[in-house]
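Peer 1: show me how the following folds:
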Amino acid sequence: MLKSKIEYINFNELLHKQFPRILNCKIYEKNDIINFDITCSNIVLDISDDISYDSLGKYITISIGQWHNIESGKYISLEDFVDLEEYDVYNYEYVEVVIKVYTDQNYKVYFHNYMDRRIKVSLIPEKLVSFGCNDCHKKIFEF
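Peer 2: Numbering: from 1, shown residues only. Okay, here's the model as predicted:
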C-alpha cells in the first residue's frame, strides 16, 4: 500500500489568493504505474518533481510552487524573480504545495496537461523505460 500526503509550505490562504490550491487529488496504480490526477483552483505555472528521504523512508514529491511578495501576497513569475535586484529578493517567499508518495522503487516522472488547472502526472518504473535498442522486442524505426 502506498502512503501519501499533501503539505502546504509558506501558504497563507488570506494572503496568497492567486496560489493554485489543490481542489482534488487522486493517486492510483495499475501495472506498477502510479498516476496522479490533480485539479487546482488556479492555473499551475510551475510544477516539479524530486526524490527525498525522511524518517518514514524514500518518497517522490510533486511540487506546485510560486514566488509571492511577503507583504502583498502578489505572485511574480520565476523569470521576474530572477531579474529582481539582490535587495528586492528578500521581499519574496516561495509558496508551494507538495504531494508526497512514499515508495521503495525508482520511477521516471512524466507530466501531462501541464500549464492548466488540471494536471496528470505519471510515475513509470525506471525498469520499464530504461531499455535500449539491443533489449527491445521489436525495432520500429532506424535511420
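Peer 1: how about the nearest residue to the residue positioned nearest the centre of the chain, chain neighbours excluded?
Peer 2: What sits nearest the mean C-alpha location of the chain, by C-alpha atoms, centre = their mean, is Ile62, with 2.7 Å. With sequence-adjacent residues excluded and distances taken as C-beta to C-beta, 6 or more residues apart in numbering, Ile62 is closest to Ile99, at 4.5 Å. The way it works is simple: take the backbone N, C-alpha and C, and place the C-beta from them, glycine included.
Peer 1: now do Phe111
Peer 2: Val121 is the one closest to Phe111 (C-beta to C-beta, 6+ apart), at 5.7 Å.
Peer 1: kindly report the same for Gln66.
Peer 2: In space, Gln66 is closest to Tyr75, 5.1 Å off (C-beta to C-beta, 6+ apart).
Peer 1: now do the contacts for Lys58.
Peer 2: For Lys58, the contact set (C-beta atoms under 8 Å, 6 or more residues apart in numbering) comprises Ile51, Ser52, Tyr102, Thr103, Asp104.
Peer 1: so the fourth one versus Cys133, what's the distance?
Peer 2: Separation of Thr103 from Cys133 (C-beta to C-beta, to the nearest Å): 29 Å.
Peer 1: over to the second one?
Peer 2: With the distance defined as C-beta to C-beta, Ser52 ends up 33 Å from Cys133.
Peer 1: give the burial count for the nearest residue to Asp80 once chain neighbours are set aside, as a bare number.
Peer 2: Sequence neighbours aside, Trp67 is the residue nearest to Asp80 in space, at 7.8 Å (criterion: C-beta to C-beta, 6+ apart). Neighbourhood size, Trp67 [other C-beta atoms under 10 Å]: 19.
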